[in-house]
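>>> Fold the following.
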Amino acid sequence: MARKIVSRKELRRENDAAEAKEGEEGGKKKAAKKAPAKRKSRAKAAKDVRMKAFWGVFNQSLKRVALFEYSERKQADKKAAELTASAKTPHFVQPVKEAITE
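Sure, this is the predicted structure:
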């Protein structure tokens, strides 16, 4: 039982001829490829967080001791000076930003 060796070119010609014959007869047309559906984004929208500035009084180990409104810088400096004098450890003032929760 010998197999008949058929080249790819011959198979291609046969296939093209069959398709042309179907086209002439008004046979079935191939369906056009659909465009892939767009995927929806799963990423959550970034939530805007409002921040407010304060003055914080800190000790030398960076622990916040007191918190003042931003407009009350003089009171924050005074509190830092009082704590430095009474506790014998340096205290300092620096700005702090915290999120506003409504």
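
>>> OK, contacts around residue 77?
For residue 77, the contacting residues are residue 93, by CB atoms under 8 Å, 6 or more residues apart in numbering. Placement of C-beta: from N, CA and C, glycine included.

>>> Please determine how far it is located from residue 66.
Distance, residue 77 to residue 66, by CB to CB, to the nearest Å: 11 Å.

>>> now do residue 89
Between residue 89 and residue 66 the distance is 14 Å, computed by CB to CB.

>>> Could you pick out the longest helix of this protein?
Selection of the longest helix in the chain by residue count, based on DSSP state H, yields helix 8-25.

>>> Just after that helix, pick out the following helix or strand.
strand 51-58 (DSSP states H and E).

>>> Off-centre distance for the helix or strand just after that next one?
Next along the chain after strand 51-58, taking DSSP H and E as the criterion, comes strand 64-69. Distance of strand 64-69 from its chain centroid, counting by CA atoms, centre = their mean, to the nearest Å, is 34 Å.
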